[in-house]
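**Q** Predicted coordinates and the sequence they were generated for:
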Amino acid sequence: MNGKTVPSELPRALSLASRLLWFVNMRRLKHLLYWLGALLVIFLCIFIEFQTSILQSWIFTSTNERLYFKLKEGPSKEIAYPRSAPFDDRRGYSKLPAFQSRLESQGYKITHQVRQSETMLTLFEHGISTPYTERPDAGLDIRGVDGDSLFRYGQSEFLFGKIDDIPPLLVKTLLFLENRDLDRPATSWQNPVIEWDRILKAALMYVGAKLQLPVPVQGGSTLAVQLEKFRHSPNGRTDTPVEKLRQIIGASLKAYHEGANTRAWRERIIVDYLNTVPLAAAPGYGEIHGLGEGLHAWFGMPLAAVVAALNSPGPSAAKIRAFKYALTLLISVRAPSVFLVEERESLEEKVNQFTRLLARAGIIDWEMAAQLQETPIRFIPSAPLAPQPSSNKNKAANAIRTNMMDALGVTNLYDLNRLHLQVDSTFDVSLQKKVTEFLHRLADPKMVSAYGLNGERLLESADPTKVIYSFLLVEATPGGNLVRVQADNFAAPFDFNRSVKLELGSTAKLRTLTHYLEVIAEIHRDLTGLTGKQLTQKAQMGRDPLTRWGIETLRNEKNLELQPFLDRAMERRYSASPYEEFFTGGGLLHFENFAKEDNNRIVELRDAFRNSINLAFIRLMRDVVSYHRARLAYDSDDVLENPANSHRQKMLQEIGEEESRATMRRAYQSYAKQAPDEIVRRLVGTKRSIERRLTILFYAWHIGTSEADLKAWLEKNKLPTAGVDVAKLLHAYQNPRLTSVDYAYLLALHPLDLWCAGEFRKDSNLSWERLYAASGEARRMGSAWLLNSHNRRAQDLRLRIRIERDAFSRMAPYWQRLGFPFKTMVPSYASAIGSSSDRPVALAELVGIVVNDGVRRPSASLAKVHFAGGTPYETLLERTPKEGERVLAPEIAGTVRKAMAEVVEQGSARRLNGVFKLSDGKVVTVGGKTGSGDNRFETFNRAGGVITSRATNRTATFVFYIGERYFGVITAYVQGREADNYHFTSSLPVTLLKLLAPTVLAKLDKNFKEPPAVSLEKDTSAEGKLRPTGLSSSQAPVAPVAQ
C-alpha cells in the first residue's frame, strides 16, 4: 500500500454508506412501484371505462335525475329555448318566444307552460340539448270543437316505427358504413355515443392533415353524435371542438335518459337515424328527411315496397333495385347536396366502391354485388308533389292554416305543417264533413234529380258541375262568433266565403234596410225633446225627405219612443214603378222589378223587403243619399245653383284635376315604351287627310316653323310631298293664335292625350312620376274649359256626380261598421240591389250583429294553440274573448230580425217556413234575405238600347239566422260566359238549406256540447311533468266553448 497505513474508521464508513445507499434505493424502488401500481390501476380503470362506460353511465344517469320539467298553470319564468338548429327550427322550438309574443299581441294568453329544472336551464345556457322524446312524426294537428281530428300532418308512410320494421340487411349496411360496433356493446351500460378507437384515429388523421401529411381526414362521430349534430347543432354542422363536445354530452344524456342500460337506446338510434337523416332538398318538393322520404322524393319508391323487397328471399330484380337506391342514399348522407343534386355522376362509382366493400365484409354475396354494379342509379325526372294531407274538400283546415300563418308570421304552409303544434278550432268536424260531402254530391246529375234541384228557377237542365257552392255556419256566443262550418265545393285551395268579391244581388237590401233604420234612429235622437215650435222650424230647414218625415211624425205623435218610431218607418210607402229614370252613378239609369206584377204597386217598406221589390229600394236609397247629401260639409243645393259659390269653384278645380290625371293615366298606358314612329302612326292613322294630321302634329309639338321643316317632317313620316301643297298646309295651320288645345280639337284628341304622346315621342322610357311632374301647364290648359262659366251644363253634370259620390263616401263608414268589406261603395242607387258588391262572410257578419242585438263580436275559428307537447318547451295559449262593440241599437236589431223572419214566413224564402223543427216539436224561428245576381257586361247605343250583352257571372245567395244563436250564408255561383246557360235564382240556395236542415238540426238539438275544462294532475312518468288529465303528452285540452 505504498507504505501507507489505512485508517481503521474507513471500512466502517464505507459499510455505513453502502447501507444508506441501499436504503435510499429501496425507498425509491418502493415509490416507483407505488406509482407504477397507481398508474396500472388508473390504466385498468381507464381500460375498464373504455370497455364498459360504467363511470359515464353513473355520471349521465345521475345528471338525468336532475333534468326534468313540469307543466303548470300560467306563464313560466323558468324556461329556456334551444338554439337555432335544423330540427329545432323545423319543429318551431327555437322560434317559440317569437310565436308567443305574436299571439299575445293578438289577444291570446298563456294558460299553461313548462317549468324546467335548474340543471336543465344550465345545460340550455351552454348550448347543450336535453333528453326528451323527439317524435319524428310531430307536426301540425288541427282538432274540432269535440276533439275530432280536422287535419293531421304526418308522414307515417315514410317512417320506421321500431327496429323490427327495418330489414336486417339495411341495418347491417348502415352499421357497416357508419357505426360498426353499435350493435356489439361489451356491457349493457356501455355508452353508444363514444368509440375511443374511432376518436383516436380521427384525431391522428386530423393532426396529420394539419401537418400537411398525405392522410385523409375522417370523422370520428358515431350515429348518436351524427343525430345530435344534424338535429341540434347550428346549421347541422360541427364548426368547433366545443360544438363537438356539446354534441357528445347531449347525445350521452339521451343515451342514459331511461337508465344505465343502453341496449334499447342503441336500437332507437338506428330507427331515429333512418327516419330523420337529412337528404338535401328536391326542387318543387322541399327539404327531405329520412330514408323513406328520400326514396319517395329521389326515386319515386314507396318505403313499404322497398322494405318488402329487402325482406324477400333471393336476389330478385326488385330487391336489387331497392337495395341499390337505399345504399345510394346512405352513402349520400356525407354530402347530400353534392351527391344528390350537384355531382350525380360521381355517385355511381362511389356506390360501386362501397358495394365491393360490403361484399368483402360478407354483408352481401358477390353475386348480388355484381348485379348491384350492373344496375344504374336512375333519379326520377322531378320529385313528386310534397304530400298534401289536406284536400280541397277540407276548406275548414285550409282556413285554420291560413289563419295560423298570419298569426305566427310563417310565410308558407310547408313550414307551418312541420311545426310541433296542436290547434283547437271551433269547427264541428262531423258537421263540416257532412256539409262538404253534400256540396260535392251536387255535381252529380243523378243527385241533382234526386234532390229535386232541376226545377224552374233552380238548375233546370244546366250542367251541375260548373256551379260553385259555399256554406258558412256560425254560432253566436258571449265569447265571440264561433265558426262551426266553412265549406265549399270549389276544386282549389281558395276560401270562397272570405276571398271572393261578388255582386250578391238583393242581399244588399239587408244592408240598405239596416242603414236606413240607423238613419231613422239618428233622426229620432236629434228631434226627441224638441217643442212643436222647434219642430216647425226644423221642418222649414229640412232638406231631405227622411228628416221631413221624422218631423211630421213626431209633430203628430209626440214623445214617440224609438221602437214605435222604427215601426212607423217600416210602414213608409214607396212606389214600385219601373217607369222612372234615375240620374245616379254618372248617368240616367233604368231599373226593373223581378216580378212584373209589382210594377204598379205602392208598397210598405216592410212588404218591399219581404218580397224583394227592387224599385222600392232604389227609391229608398235615393232618400238615404239625400239624407247624407244634406249633411255634407257644404251646401250641395247652393253649389249647384250659385255660380259664385266658393265650394263650387274648388270642386270644379278638383274635378278637372281628377279628369286630367285619369286621361294621363290612359295615355301613359297607351304610349309608354312605344317607338316615336309608332306613336305618330297611331295618332295619324292610315286613312284620308294624313298630310293634314301630320301638319297639325308638326305645329302642336313645335317641331319647326319653316316650309322646309314641314316638308322634311312629312317625308320623314313616309309621306311623299310631290303631290302635296305644303305651302297651303303651312298657311292653314301656322297660326300663332292656335293653342295645343285647338290642335287637339282638330285631331279629335284630348289635349293631354296629345301632350303625353309628344312627351313620349321625345323619351319613350319616361316614367309616370316624371311625366306627371312636367304636366302642370298642360293639365291647367286641358281643364281650363271646365272652369269657363259658359260651360254651365257640363259643370253641373260633373258637380251632381261629385255630390252623389261625396254622399256615398259619408255613407260608407256606416256600412263598414256593420261588416261591409270594402273601402268604398259604388256611388249609385243600384248599391241597394248589389252593385257595391259584397262577400258571403261579410254578409254573415251583418246577420251576426243582428242576432247579437246590435253588438259586433269578433269571429273566431281558433280557440287554443298547444306548442311542443311532451317537450321541455311545452306551451298552451288560449284566445281571450274580446268584448263586443255596440254598433246598432237593440231596437234596430230587433226590427231587422223581425223583417228577416217575415222573409221566411211569407216572403221570398217561404219554402223554409216551418222546416227547422226540434225533436220536441218546437219550431225554430228562421229569418233571412235572398239575393240573385245576373251580372252582365253590356254596351248601349245613344238611345239607351242594349247593343251587346254577355254574362260575367251569376250568383244566388241566402243569408240567414236559425234560432237565437246560429247564423250563416249559403251561395251558388257560376263564373264567366257559361253563366248565360243558367237561370237559377235565390230559390236554389234556399232549397239547399232546406235539404241540409236535418243535418244541421241534429247539431242544434245537441246544442254543441261543451267539452270538459282542463284539470291538472301529477304525472309520475320519467319526465316528471304535469299533463292534462286523460290526454297524452302529444295532445292539448279541447277548447271550452262559451255558451
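**A** Happy to help now that I have it.
**Q** Give me the distance from stretch 432-439 to the chain's centre.
**A** 23 Å (C-alpha atoms, centre = their mean, to the nearest Å).
**Q** tell me which residues in that stretch are buried?
**A** 432-436, 438-439 (16 or more other C-beta atoms under 10 Å). C-beta coordinates here come from the backbone N, C-alpha and C atoms, glycine included.
**Q** Helices - which of those land there?
**A** Members of the buried residues of stretch 432-439 lying in helices (criterion: DSSP state H): 432-436, 438-439.
**Q** What's the mean pLDDT across stretch 180-189?
**A** The average pLDDT within stretch 180-189 is 81.
**Q** That stretch: end-to-end distance?
**A** 18 Å (C-alpha to C-alpha, to the nearest Å).
**Q** Could you pull out the buried residues of that stretch?
**A** So for stretch 180-189, counting by 16+ other C-beta under 10 Å, buried means 182, 185, 189.
**Q** Would you mind putting those residues into CSV with distance to Val904 and secondary structure alongside?
**A** CSV is the format used below for the buried residues of stretch 180-189 (distance: C-beta to C-beta, whole Å; DSSP: H, G, I helix; E, B strand; the rest coil):
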residue, distance to Val904, secondary structure
Leu182, 72, coil
Pro185, 76, coil
Trp189, 76, coil
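**Q** Could I get these in a markdown table, plus columns for distance to Ala576?
**A** Formatted as a markdown table, the buried residues of stretch 180-189 follow (distance: C-beta to C-beta, whole Å):
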| residue | distance to Ala576 |
| --- | --- |
| Leu182 | 87 |
| Pro185 | 92 |
| Trp189 | 93 |
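**Q** Could you single out the nearest of these to Ile551?
**A** Leu182 (93.8 Å; C-beta to C-beta).
**Q** tell me the mean pLDDT for the helix or strand in which Gln373 is found?
**A** Assigned by DSSP states H and E, Gln373 belongs to helix 366-374. Throughout helix 366-374, pLDDT has a mean value of 93.
**Q** The helix or strand that comes right after it - contacts with which helices or strands?
**A** Toward the C-terminus, helix 366-374 is succeeded by helix 395-408 as the next helix or strand (DSSP H and E). Other helices and strands packing on helix 395-408, by 3 or more C-beta pairs under 8 Å, 6 or more residues apart in numbering; DSSP states H and E, are helix 96-105, strand 140-143, strand 149-152, helix 413-417, strand 421-425, helix 429-441, strand 480-488, strand 862-867.
**Q** 6 Å instead, please
**A** In terms of contacts (3 or more C-beta pairs under 6 Å, 6 or more residues apart in numbering; DSSP states H and E), helix 395-408 is packed against helix 413-417, strand 480-488.
**Q** I'd like those as a markdown table, with mean pLDDT and mean neighbour count appended.
**A** Formatted as a markdown table, the helices and strands packed on helix 395-408 follow (pLDDT from 0 to 100; neighbours: other C-beta atoms under 10 Å):
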| stretch | mean pLDDT | mean neighbour count |
| --- | --- | --- |
| helix 413-417 | 92 | 18 |
| strand 480-488 | 94 | 26 |
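**Q** can I get the ones you listed in a markdown table with distance to Gly928?
**A** Formatted as a markdown table, those follow (distance: least, C-beta to C-beta, whole Å):
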| stretch | distance to Gly928 |
| --- | --- |
| helix 413-417 | 35 |
| strand 480-488 | 16 |
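**Q** so after the biggest strand by length in the chain, what's the next helix or strand?
**A** Criterion DSSP state E: the longest strand present in the chain is strand 946-962. Using DSSP H and E, the helix or strand that follows strand 946-962 in sequence is strand 966-975.
**Q** Show me what the helix or strand just after that following strand is packed against.
**A** Using DSSP H and E, the helix or strand that directly follows strand 966-975 along the chain is helix 987-1006. If you count contacts as 3+ C-beta pairs under 6 Å, 6+ apart, helix 987-1006 packs onto strand 946-962, strand 966-975.
**Q** quick one, helix 987-1006 and strand 966-975 angle?
**A** With axes from the mean of the first three to the mean of the last three C-alpha atoms, to 10 degrees as the basis, helix 987-1006 and strand 966-975 are set at 150 degrees to each other.
**Q** For Arg555, give its distance to Arg548.
**A** Computed with C-beta to C-beta, to the nearest Å, the distance linking Arg555 and Arg548 is 11 Å.
**Q** Likewise for Lys762?
**A** With C-beta to C-beta as the criterion, Lys762 and Arg548 are 60 Å apart.
**Q** So for the two, which sits in the more crowded spot?
**A** For Lys762 versus Arg548, the count of surrounding residues by other C-beta atoms under 10 Å is larger for Arg548: 17 against 9.
**Q** dump the residue contacts of that one.
**A** The contact partners of Arg548, by C-beta atoms under 6 Å, 6 or more residues apart in numbering, come to Gly542.
**Q** Pretty sure it sits in a helix.
**A** Yes. Under DSSP: H, G, I helix; E, B strand; the rest coil, Arg548 falls within a helix.
**Q** quick one: low-confidence ranges for the stretch 851-1000 of the chain?
**A** 936-949 (pLDDT under 70).
**Q** returning to that earlier point: and which of the buried residues of stretch 180-189 is nearest Leu227?
**A** The closest of the buried residues of stretch 180-189, once distances to Leu227 are taken by C-beta to C-beta, is Leu182, at 11.7 Å.
**Q** So what does the closest one have for phi and psi?
**A** Leu182 adopts backbone torsions of phi -60, psi -40, taken as degrees, to the nearest 10.
**Q** what residues are up against it?
**A** 175, 192, 266.
**Q** returning to that earlier point: indicate which one of the helices and strands packed on helix 395-408 is closest to Leu67.
**A** The nearest among these, by C-beta to C-beta, is helix 413-417 at 29.4 Å.
**Q** Other residues contacting that closest one?
**A** With C-beta under 6 Å, 6+ apart, helix 413-417 has contacts from 139-140, 153, 286, 401, 405, 410.
**Q** Thank you kindly, that will do.
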